[in-house]
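A.B. asks: model this:
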Amino acid sequence: MTDISLYPFKFSPIYKNKIWGGSKINQLLGKSDAPLIHCGESWEISGLPNDLSQVINGFLAENTLDELLEVYMGDIVGEHVFENFGTNFPLLIKFIDAAENLSVQVHPNEEGATQIPNAHAKTELWYVMDADPGAGLYVGFQSGVDKSLYLNNLKEGRINELLNFFPVKPGDVFLIPGGTVHAIGKGVLLAEIQQSSDTTFRIFDWNRSDQNGQLRSLHTDEAIKVLNFDEQPSPKIDYKQYEEGTNALVRSTYFNINFLHYHKPIEKIFVDIDSFIIYICVNGSALLVMDGQEKVNVQKGEVLLIPASCSEMLLIPEVEVSFLEVYLP
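C.D. replies: The predicted model follows:
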């Protein structure tokens with residue numbers, strides 16, 4: 001580790017215009033610079049080459065994420081993480097607003113990604129931030145769906161009839177492994193934590209036309225190579241949302257995720273975590289004090305990257321605060 005005094009990083013959001021996007025990223029997440037129409041995604045931390053996040057606070061403001069990694073390496077992400085990923089940041093953090101249904105789609109897992117040129121695996125977790133009455137998520141095939149039934153319904157434009165539908169409310173959490181068919185339903189705003197990949201194969205788009213009256217392209221051949229038709233466990237994760245403390249949500253090779261809910265100050269110790277830590281504020285606000293000196297305020301809709309060189313963090317809620325805490329195993 002170097003002696004340089006690093007600090008919690010905030011990044012400028014990267015907004016994505018989508019045919020299905022809405023206004024909730026602006027109106028509900030405090031992002032007043034986000035578009036008020038068709039804003040489908042806000043990329044909060046991204047290391048993808050064409051969408052590099054840029055620091056907006058502290059003495060390293062205006063540096064991109066890959067520039068931080070080139071200079072500070074393991075001090076930012078952890079020695080073990082840097083050995084495995086180099087300057088390629090391993091996660092992508094987003095907020096997604098579905099004013100209309102997203103396409104029915106699939107991302108490959110590691111095995112599936114090897115079958116398609118330039119494809120990258122993507123497993124992701126969703127945390128529901130807001131949901132209109134009756135809104136929900138489509139995740140996984142119903143029991144008994146096989147490749148033959150899938151192809152028949154695909155031909156007839158009735159793929160949606162084969163999907164599990166989960167009505168949702170704020171605070172619901174879903175894990176979507178690579179290979180799982182899925183779609184975010186109309187009226188859902190969520191935070192997404194995923195492997196750093198933008199590989200998406202569109203299966204069905206609700207017969208929707210774009211602004212030019214054209215149907216969006218589908219990726220039928222690629223999707224059939226990576227879809228998982230095996231019976232899957234429920235994607236919904238149960239946890240104690242309002243209990244004071246830290247609740248484990250996911251432990252995996254891709255990411256470890258906890259849900260934090262606090263009314264009182266709490267000290268977090270990171271000496272045994274050889275990884276960066278990401279805090280996604282999903283409710284309330286707080287002051288974070290890193291290693292007793294570097295201070296930063298955070299509120300709902302903001303995301304922080306805590307460098308791996310941090311050994312401890314004092315988290316001081318303003319009334320109460322809830323976070324998703326993310327790091328690599």
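
A.B. asks: show me where the chain has helices.
C.D. replies: 24-28, 65-72, 74-77, 79-85, 110-113, 147-155, 220-226 (DSSP state H).

A.B. asks: from the chain's centroid, how far away is the third one?
C.D. replies: Taking the mean C-alpha point of helix 74-77 and that of its whole chain, the gap between them comes to 21 Å (Cα atoms, centre = their mean, to the nearest Å).

A.B. asks: any stretches of this protein with poor pLDDT?
C.D. replies: 1-4 (pLDDT under 70).

A.B. asks: in it, which strand is the longest?
C.D. replies: Ranked by residue count under DSSP state E, the longest strand found in the chain is strand 312-327.

A.B. asks: columns mean neighbour count and distance to K16 on top of the helices of the chain, output as TSV?
C.D. replies: (Each C-beta comes from the backbone N, C-alpha and C, glycine too.) Below are the helices of the chain laid out as TSV (neighbours: other Cβ atoms under 10 Å; distance: least, Cβ to Cβ, whole Å):
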stretch	mean neighbour count	distance to K16
helix 24-28	20	10
helix 65-72	18	17
helix 74-77	24	25
helix 79-85	16	24
helix 110-113	18	22
helix 147-155	14	27
helix 220-226	17	21
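
A.B. asks: of these, which is nearest V321?
C.D. replies: helix 24-28 (16.7 Å; Cβ to Cβ).

A.B. asks: other SSEs contacting that closest one?
C.D. replies: strand 39-45, strand 91-98, strand 124-131, strand 188-195 (3 or more Cβ pairs under 8 Å, 6 or more residues apart in numbering; DSSP states H and E).

A.B. asks: adding mean neighbour count and distance to D238, write those out as TSV.
C.D. replies: Compiled in TSV, the helices and strands packed on helix 24-28 are given as follows (neighbours: other Cβ under 10 Å; distance: least, Cβ to Cβ, whole Å):
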stretch	mean neighbour count	distance to D238
strand 39-45	24	26
strand 91-98	24	22
strand 124-131	22	14
strand 188-195	22	17
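
A.B. asks: turn those into CSV, columns for distance to L288.
C.D. replies: Shown next, in CSV, are the helices and strands packed on helix 24-28 (distance: least, Cβ to Cβ, whole Å):
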stretch, distance to L288
strand 39-45, 16
strand 91-98, 17
strand 124-131, 19
strand 188-195, 18
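
A.B. asks: so which of those gets nearest Y150?
C.D. replies: strand 124-131 (21.5 Å).

A.B. asks: give me the neighbour count for H107.
C.D. replies: 28 (other Cβ atoms under 10 Å).

A.B. asks: look up how far S285 lies from it.
C.D. replies: 33 Å (Cβ to Cβ, to the nearest Å).

A.B. asks: kindly report the same for L6.
C.D. replies: For L6, the distance to S285 - Cβ to Cβ - is 23 Å.

A.B. asks: tell me which of those two has more neighbours.
C.D. replies: The residue with more neighbours, out of L6 and S285, is L6; 23 against 16, by other Cβ under 10 Å.

A.B. asks: quick one, phi psi at the closest residue to that one other than its chain neighbours?
C.D. replies: Nearest residue to L6, sequence neighbours excluded (Cβ to Cβ, 6 or more residues apart in numbering): P307, at 4.3 Å. With angles defined as degrees, to the nearest 10, P307 sits at phi -70, psi 150.

A.B. asks: so who does P307 touch?
C.D. replies: 6-9, 72, 75-77, 276 (Cβ atoms under 8 Å, 6 or more residues apart in numbering).

A.B. asks: looking at those residues, which is nearest E294?
C.D. replies: Y7 (3.9 Å).

A.B. asks: and for that closest one, the neighbour number?
C.D. replies: Neighbours of Y7 (other Cβ under 10 Å): 24.

A.B. asks: that one contacts M290, doesn't it?
C.D. replies: Yes - Y7 lies in contact with M290 (Cβ atoms under 8 Å); the separation is 6.2 Å.
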